[in-house]
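> Build the 3D model from these lines:
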Amino acid sequence: MLSVAVLSDAIASQQAAPVFDVTTAAPSVMVATSEPGESYAEPEECMRKDIICMRYPIWFRANPIQSVYGVPPKLPIVVTTYTHYGQPEPDDENSPRIMLLLESTGRFMMPVYASGRVWRRSDDQYYILIDTPYPIHWLPCSVEDLREPIDARRFSTKARLALDDYSVKEHPELFLLSRGYATPQFGISVARLSEHLRRLQPSSTDFSCVRDDES
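Got it, this is the predicted structure:
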């Protein structure tokens, strides 16, 4: 006999993704681990022969670790999002994710690709390690002012990148190059990010930073 949780998961994978009103949803940011879920039903518009959909709705489970902004949930939740890349890979508390959530009537949505890897430093503080010169698209532009030099020795060796990694080849000024690998030179403290967002008090529509060449 299927458990209630398994049965509800199976049903959810056959249903259409819930609809969210971004303008009225309550935003929050949290650090969490994630577990793969399932896909929702294919949207009707994507079934048309003259339409090519680049992203499809899925859900995954998020297990909160740390509140960053707003009032994130304290218990594991199901999160809806749209993606081209499929389910997120499982992670752990050493390298979880920081994600933007929009909550409406008790349901949660993560805007498209509004998450990123964070790494736990040796003193248990989390950092976003910088591997691109561009702003983090789903955070306010002012967050860029929080970048600071880091000591890569205080982070897991799993944060290293190969010398032929695209980011390393395109932006070598952001890395310290060693024999066989590269380590990021800059990061954003999640604790400082939390303080910044609390001062800024962004609404759900304020979570965005568009590059000059994208405007």
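> out of everything not next to it in sequence, what's closest to the most centrally placed residue in the chain?
A centroid search over the chain (Cα atoms, centre = their mean) returns S115, at 1.0 Å, as the residue closest to the centre. For S115, ignoring the flanking residues on the chain, the nearest one in space by Cβ to Cβ, 6 or more residues apart in numbering is M99 at 3.8 Å. Every C-beta, even on glycine, is put in place using the N, C-alpha and C of the backbone.
> how far away is that neighbour from T83?
Distance, M99 to T83, using Cβ to Cβ, to the nearest Å: 13 Å.
> Comparing those two, which residue is more hemmed in?
Neighbours were counted for M99 and for T83 using other Cβ atoms under 10 Å; M99 has more, 26 against 17.
> now the nearest residue to L129 once chain neighbours are set aside: how far from Y56?
Using Cβ to Cβ, 6+ apart and skipping the chain neighbours, the partner closest in space to L129 is P184 (4.2 Å). Relative to Y56, P184 is positioned 32 Å away (Cβ to Cβ).
> Name the residue in these two with the higher neighbour count.
Taking neighbours as other Cβ under 10 Å, P184 and Y56 compare with P184 leading, 23 against 17.
> re the thing from before, surely the residue nearest to L129 and A152 touch.
Yes. Applying Cβ atoms under 8 Å, one finds P184 in contact with A152, separated by 6.4 Å.
> what do the two both touch?
By Cβ atoms under 8 Å, 6 or more residues apart in numbering, P184 and A152 have these common neighbours: A159.
> what's next to stretch 144-160, contact-wise?
Contacts of stretch 144-160 (Cβ under 8 Å, 6+ apart): 94-95, 119-123, 127, 129-130, 135-136, 176, 181-189, 192-193, 196, 209.
> Just those: which are in helices?
When these are checked against helices (DSSP state H), the matches are 192-193, 196.
> List just the nearest of those to E38.
Relative to E38, the closest of the ones in helices among the contacts of stretch 144-160 is L193; by Cβ to Cβ it sits at 31.0 Å.
> Show me where this protein has its strands.
Ranges of strands in the chain, per DSSP state E, are 26-39, 56-69, 77-83, 97-104, 107-109, 115-117, 119-120, 126-129, 148-149, 175-178, 181-184, 186-189.
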